[in-house]
Each structure stands twice: as structure tokens, then as C-alpha cells.
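[1] The amino acid sequence is not available; the structure is as follows:
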């Protein structure tokens, strides 16, 4: 992974204090080796004055630093985007749309869409990586009180599948979390196929849905205290994250899981996370409705 230098609050305010400064940074992050036309691959272009776009000298396709990313067709100033990314990145607890709207002086809907698009970029970034080595795998349940009063696999709470990879010394490395409709073998196999490198060693309990998973080396047994230690700690911290910052009100749970995993997977980068998240947003793809 490319190194991202740390940045102080004072440096942030000085470096990204104008639209032009923010646009130049997005250009650098999106085209680290120089401009490349997204349509024909030509590396020569000229700027269109007054429109903040680049026109390819070959095919004449025009593009901007936000086109095709989660910032596509944004009506918000780039300085607001950078402040939102900074506030989101530098508080390990995250920031709610209510707090972001108050801090930046924008309406709640704008704050909510900003954070939703940033979380989408987070999820896209971590889709590039496969879990490998030794991975703890289990299901979990999040949300308010269960209407049927049951706990565990009988609850009506939202179901998630959680995987945490570990180093040889047993310390946690990376996490992936996925909202699912059920905990059937077919659902788990789809997650294995999507998130796991071939022949990964999987530690899980002896629940029947895990017993016939293919493409991995399965180590399943009846659950005992302290088994799947890091996975259950990650689930516990996730619940505290959702309750503490968002008070359990998560209208798009997967987006919040993506945010939690993005932070978890970069917990050792310290104050580099702002520039890593800025790069993530600048190189994201897809436009949200």
C-alpha cells in the first residue's frame, strides 16, 4: 500500500483552503502518473477555462476530477467535501449526519448524503482485498431489542456475517462484514467466494451451515469460551460504534459496516487516515441516487 503522509489540523486548513487547492489535490490523487483520458487512454489534454474540466486532445472527451466518482455532479463546494472527509477520518468514533450538519452549517440531507457517499467509497476500497491466512468466521446480530424476545440465531435483529483475518502470532489483521438475509450454507459460500483467497484456513463454530463450505480449509468445532476471540471483540466494538455515534439509527446498515471495517483495517495508520480516505474518495467509482 502506498504511503500516505500524516497531516496536522493546521496543515489541513492551510493546504485545502480554496476550491482550486482541493481540485488540484483531487487531480493529483486521481491521476498520480499524469492525466489519462478515461475514454481513450490518451495522456494529453488541455484545460477548459471556466468549466473546471479537462479535454482530451485525441477524442475531445471532457472530464473533471469528480466525474464518475462518488462526488459526481455534486452541488457542494469541494472545500465542504474535504472538511467532511477530514472530520469523518480524524474522529475514530466517526461523525453523525446531525453533528456534521451543525459543524459545517449545511442541511441534514446534504450531510447525510455526504457521509453515505464517503462510506460507499470506503466499501469500494476494501472490496479490492481478499482475506487470507487464518480467518475467524461467524455470524452476529445487531439492532434494537428483538421483537420476539429471542437471542442469537433465533433473534429478529439484523443478521451479519463477520470475518477477521489473523497473523501467525494470532493478532488481528483485517475485517469484513456483510449484511445477510439468512445464515444458510449457500449464503456463507457466496461470502467465501467473494471475500476469501483460495485455501484460507477458516476457524468457526460447529453450526451446520458452516460444515460444507468449499474452497477453504475448515476448522470447525463446538464453541467454547474464548474461541473466535478477535471476531467477537470486533462485533462488540461494532455495536458500541453504532450505538455511541449513531445511537443505533442506521438506515443503511451495510454502509456503517463498511465504515467500521475501513477504520478497523487502518487502525495502525494513525493520523495518516485522512489522506488515505481522501485518496479513497478521489479514486472511487459509481454515482449514488
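    Nice, thanks for sending it over. Computed from a predicted model, the values in this text were never measured in an experiment.
[2] right, and the helix or strand after the host helix or strand of residue 161?
    Assigned by DSSP states H and E, residue 161 belongs to strand 158-166. Tracing the chain past strand 158-166, the next element assigned as helix or strand by DSSP H and E is strand 172-180.
[3] can you list the residues that contact that next one?
    By C-beta atoms under 8 Å, 6 or more residues apart in numbering, the surrounding residues in contact with strand 172-180 are 126, 129, 131, 133, 139, 158-167, 187, 191, 195, 230, 234, 238, 253-254, 257-258, 260-261, 264-265. C-beta here means a position set from N, CA and C on the backbone, and glycine is covered the same way.
[4] pLDDT on that strand, on average?
    The predicted model assigns strand 172-180 a mean pLDDT of 96.
[5] center of the chain, which residue is that?
    Within the chain, one residue has its C-alpha closest to the average C-alpha position: by C-alpha atoms, centre = their mean, that is residue 122, at 2.5 Å.
[6] how much space between it and residue 79?
    The gap separating residue 122 from residue 79 is 21 Å, by C-beta to C-beta, to the nearest Å.
[7] cool, residue 18 as well?
    With distances defined as C-beta to C-beta, the gap from residue 18 to residue 79 amounts to 7 Å.
[8] Looking at those two, which has the bigger crowd around it?
    Counting neighbours by other C-beta atoms under 10 Å for residue 18 and for residue 79 shows that residue 79 has the greater number, 15 against 12.
[9] how about the more buried one, secondary structure?
    In terms of secondary structure, residue 79 is helix; the call rests on DSSP: H, G, I helix; E, B strand; the rest coil.
[10] What of residue 193?
    helix.
[11] mind checking how far it is from residue 6?
    Residue 193 sits 37 Å away from residue 6, taking C-beta to C-beta as the criterion.
[12] Helix or strand: which one has the residue nearest to residue 92 when sequence neighbours are not counted?
    For residue 92, the nearest residue in space outside its immediate sequence neighbours is residue 263; the separation is 6.5 Å by C-beta to C-beta, 6 or more residues apart in numbering. Assignment of secondary structure by DSSP H and E places residue 263 within helix 253-265.
[13] Also residue 217?
    Short version: residue 217 belongs to strand 216-221, going by DSSP H and E.
[14] ditto for residue 268
    If you go by DSSP H and E, residue 268 is not part of any helix or strand.
[15] Quick check, pLDDT for it.
    Model confidence at residue 268, given as pLDDT, is 88.
[16] and it, how many neighbours does it have?
    7.
[17] what do you get for residue 231?
    22.
[18] Identify the residue spatially nearest to it, adjacent ones excluded.
    Nearest to residue 231 is residue 136, by C-beta to C-beta, 6+ apart, at 4.0 Å.
[19] so where does residue 89 fall, helix or strand?
    Using DSSP H and E, residue 89 falls in helix 78-90.
[20] Taking helix 253-265 as reference, get the angle to that helix.
    Between the direction of helix 78-90 and that of helix 253-265, the angle (axes from the mean of the first three to the mean of the last three C-alpha atoms, to 10 degrees) works out to 70 degrees.
[21] Of all the residues in helix 78-90, which ones are buried?
    Neighbour-count burial for helix 78-90 flags 78, 80, 81, 82, 83, 84, 85, 86, 87, 88, 89 (criterion: 16 or more other C-beta atoms under 10 Å).
[22] Against which helices or strands is it packed?
    Under the contact definition 3 or more C-beta pairs under 8 Å, 6 or more residues apart in numbering; DSSP states H and E, helix 78-90 sits against helix 9-15, helix 19-30, helix 97-104, helix 108-126, helix 273-282.
[23] Which strand or helix spans residue 212?
    Using DSSP H and E, residue 212 falls outside every helix and strand.
[24] OK, contacts around it?
    Remark: with contacts taken as C-beta under 8 Å, 6+ apart, residue 212 is in contact with residue 185.
[25] List phi and psi for it.
    phi -120, psi 30 (degrees, to the nearest 10).
[26] name the helices or strands packed onto the strand holding residue 217?
    Taking 3+ C-beta pairs under 8 Å, 6+ apart as contact, the helices and strands that strand 216-221 lies on are strand 200-205.
[27] average pLDDT for the strand it packs on?
    Across strand 200-205, pLDDT averages out at 94.
[28] got the buried residues for it?
    Within strand 200-205, judged by 16+ other C-beta under 10 Å, the buried ones are 200, 202, 203, 204.
[29] if we can go back for a sec, compute the inter-axis angle for the following helix or strand past the strand holding residue 217 and helix 97-104.
    As assigned by DSSP H and E, the chain's next helix or strand after strand 216-221 is helix 229-246. Relative orientation of helix 229-246 versus helix 97-104 (the same axes, to 10 degrees): 60 degrees.
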